[in-house]
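K.L.:
all I have is the shape, not the residue letters:
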Ligand SMILES: Nc1ncnc2c1ncn2[C@@H]1O[C@H](COP(=O)(O)OP(=O)(O)O)[C@@H](O)[C@H]1O
Ligand code: SF4
Ligand SMILES: [Mg+2]
């Protein structure tokens, strides 16, 4: 188990370095940052001065290593806009985003797993049809459209729920519904597909032959075998929710890291954008590592590989 | 005493687009408490499906009909699901062919053993654990207490099948259905595993329906035997009689093809020809396209069952004619 963890950790670190390198390169390739920073109508000398000021005149390798050296010490530089340390800005906002993402994933799973199991048990039946309909709806309707619809219906028409801000727990309800509905279909279909395969397995027939109740057969014997890909994809979904909350956070005016990223992109605050990219991918990598460990816990055979 | 199992005229069919696949065609048999009843026959003749039907575990699409199918006097066909669940694993349990897939890979063997006992409310965790350890020791997994925490993949096929046997015995059932319990195992451990099953069976006084390919196993282990062909039981009787004096030409073919006689054992030999299609009714004798004694009378209707002492067989010929099969003059009687 320990060597399993160490091997996964080494892979994770390698992926982390690669991702930071790519994001760093992409940002530099998106245009001449010095030109954008110096502003429209700046003279060549002013642009050169800006480049020197922000260290953009150095070679790519030097810039990257400099940044990386800071990042591993927790120093992500300062915002060009507010002059605040980037780390502080991220830490202030990431909590809200993380809470939103976790709640959304839980909401998605709480619907996806029972629905997926029921759909598989009665494949082709009305529950299955309904689940398929819900899945198609969840995937087809754009987040922002669904968000605006909910805001209009529950916030403006019925006035049941706040339509913006991140003060009370009520302000999380609509965003969580929107984002949870986004990740639910894939998790549900995965659960259903896995269950349909597993229900044919010999050990499920053994479970029936032991006279176990349907609940035990489906949820204890079958689900645990069918759930492995769902765990892996949940980790990916959570990363997706963390990074993809940009739109939902702006619609609901939630003060999270997504909104910060959106703002920073708009005002070309590249140290912040760069660091958020790195930070989110780091979280993503840690999440997949955790998913691996959960899977190893759920399936003893994985511990060997 | 009432028979433990009483099956009369059991039919199982599976609807296909080409028509109904009639997998089991009106078989009848009884199993008495404590006895071993063997079912032999080529692969695909309906051995598994007919015994799964007795547990209500037939394939989902299958249609099961019978004049009577009772276990301990209770009608399996009309039994509600919940009632069926209460007797499965408790009064009658099943051992499947492939131990590599029959156990759940993500739970320890201890969990899977104790579960059947606790889930049926027969006792608490502690009692279940004691019983599981006792059974594991009896099937020859020594130091069983420590091995309870192993996962199936940590055991060899032979040991897994012993775990399956122990699991089937957890609630001391009245009947065990063993569907080719050693076929998937390494030849070197087949006899050992069967011996363990047999020993436990006699210790607990459990009856057994033993499905097998292996005539040698049947000769050694069973009290009575039914020979199945294309969904029918073509011959049935005590092992002693059927092996000493096979009547049905199919049984006869099986026995006489084995060099040195059936008593030496071995897999079912191949008889020239192919099994008829199981789709729809078969008019006449199911074996007639492979039978060297076939006559015009074999071509129509269902062949009636004839009795010869402790024997029953489905063939138009009388026992004397059939007894001469394989002798030099047998063909001359045509
Ligand atoms: N789930 C199923 N769907 C369709 N046909 C099946 C199914 N299970 C068994 N059969 C068919 O039923 C027949 C009898 O199968 P089975 O009882 O497993 O034979 P045996 O155990 O004697 O080898 C075979 O022709 C097989 O193809
Ligand atoms: S009934 Fe006819 S075809 Fe069938 S086994 Fe007897 S002789 Fe052969
Ligand atoms: Mg079979």
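P.N.:
Arrived safely. Keep in mind that this is a model prediction, so the values were computed, not measured. Residues are numbered from 1 along each chain as shown, chains lettered A, B, ... in the order given. Ligands and ions are numbered 1, 2, ... in the order given.
K.L.:
list the contacts for the residue of the stretch 101-250 of chain A at minimum distance from ligand 1?
P.N.:
In the stretch 101-250 of chain A, no residue comes nearer to ligand 1 than residue A:200, which is 9.6 Å away by CB to the nearest ligand atom. (Each C-beta comes from the backbone N, C-alpha and C, glycine too.) By CB atoms under 8 Å, 6 or more residues apart in numbering or on different chains, the contact list for residue A:200 is empty.
K.L.:
let's test this: mean pLDDT of stretch A:149-162, rounded?
P.N.:
For stretch A:149-162, mean pLDDT rounds to 75.
K.L.:
I figured residue B:99 was touching residue B:185, is that so?
P.N.:
Yes - between residue B:99 and residue B:185 there is a contact under CB atoms under 8 Å: 7.4 Å.
K.L.:
between the two, which one's more packed in?
P.N.:
For residue B:99 versus residue B:185, neighbours defined as other CB atoms under 10 Å in any protein chain shown are more numerous around residue B:99 (26 against 23).
K.L.:
re the thing from before, what is in contact with residue B:99 and residue B:185 at once?
P.N.:
Taking CB under 8 Å, 6+ apart as the contact rule, the neighbours common to residue B:99 and residue B:185 are B:157-158, B:161.
K.L.:
low-confidence ranges in the stretch 201-305 of chain A?
P.N.:
Within the stretch 201-305 of chain A, the segments meeting pLDDT under 70 span A:303-305.
K.L.:
where along it do the helices fall?
P.N.:
Applying DSSP state H, counting those that start in this stretch to the stretch 201-305 of chain A gives helices spanning A:202-209, A:214-215, A:223-226, A:228-251, A:257-266, A:270-298.
K.L.:
ok, back up a step: could I get the shared contacts of residue B:99 and residue B:185 as JSON lines with neighbour count and secondary structure?
P.N.:
Shown next, in JSON lines, are these (neighbours: other CB atoms under 10 Å in any protein chain shown; DSSP: H, G, I helix; E, B strand; the rest coil):
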{"residue": "B:157", "neighbour count": "15", "secondary structure": "helix"}
{"residue": "B:158", "neighbour count": "18", "secondary structure": "helix"}
{"residue": "B:161", "neighbour count": "30", "secondary structure": "helix"}
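K.L.:
which among those residues gets closest to residue B:39?
P.N.:
When the shared contacts of residue B:99 and residue B:185 are compared for distance to residue B:39, the smallest value, 19.2 Å, is given by residue B:161; criterion: CB to CB.
K.L.:
could you measure from the closest one over to ligand 2?
P.N.:
Shown here: residue B:161 relative to ligand 2, a distance of 36 Å by CB to the nearest ligand atom, to the nearest Å.
K.L.:
what's in contact with stretch A:148-155?
P.N.:
Here stretch A:148-155 has contacts from A:160-163, A:174, A:177-178, A:251-252, using CB under 8 Å, 6+ apart.
K.L.:
now swap in stretch A:292-305 and tell me
P.N.:
Counting by CB under 8 Å, 6+ apart, stretch A:292-305 makes contact with A:1, A:4-5, A:8, A:224-225, A:227-228, A:231-232, B:105-106, B:151, B:153, all of which sit outside it.
K.L.:
which residues of the stretch 101-250 of chain B lie near chain A?
P.N.:
By the criterion of CB under 8 Å from any CB of the partner chain, the positions of the stretch 101-250 of chain B lying close to chain A are B:101-107, B:115-116, B:119-120, B:151, B:153, B:164, B:167.
K.L.:
so how far is the helix or strand encompassing residue B:235 off the chain centroid?
P.N.:
When elements are defined using DSSP states H and E, residue B:235 is found to belong to strand B:232-238. Averaging C-alpha positions (CA atoms, centre = their mean, to the nearest Å) puts strand B:232-238 13 Å from its chain's average.
K.L.:
give the buried residues for stretch A:141-153.
P.N.:
Going by neighbour count (16 or more other CB atoms under 10 Å in any protein chain shown), the buried part of stretch A:141-153 is A:143, A:146-147, A:150-151.
K.L.:
and those residues, which is closest to ligand 2?
P.N.:
Nearest to ligand 2 among these is residue A:146, at 70.1 Å by CB to the nearest ligand atom.
K.L.:
after the host helix or strand of that closest one, which helix or strand is next?
P.N.:
When elements are assigned from DSSP H and E, residue A:146 belongs to helix A:143-150. Using DSSP H and E, the next helix or strand after helix A:143-150 towards the C-terminus is helix A:170-199.
K.L.:
tell me the mean pLDDT over that following helix?
P.N.:
Per-residue confidence for helix A:170-199 averages out to 90 on the pLDDT scale.
K.L.:
same check on stretch B:99-118?
P.N.:
The predicted confidence, averaged over stretch B:99-118, sits at 96.
K.L.:
got the end-to-end distance for it?
P.N.:
Here the two ends of stretch B:99-118 are set 23 Å apart, with distance taken as CA to CA, to the nearest Å.
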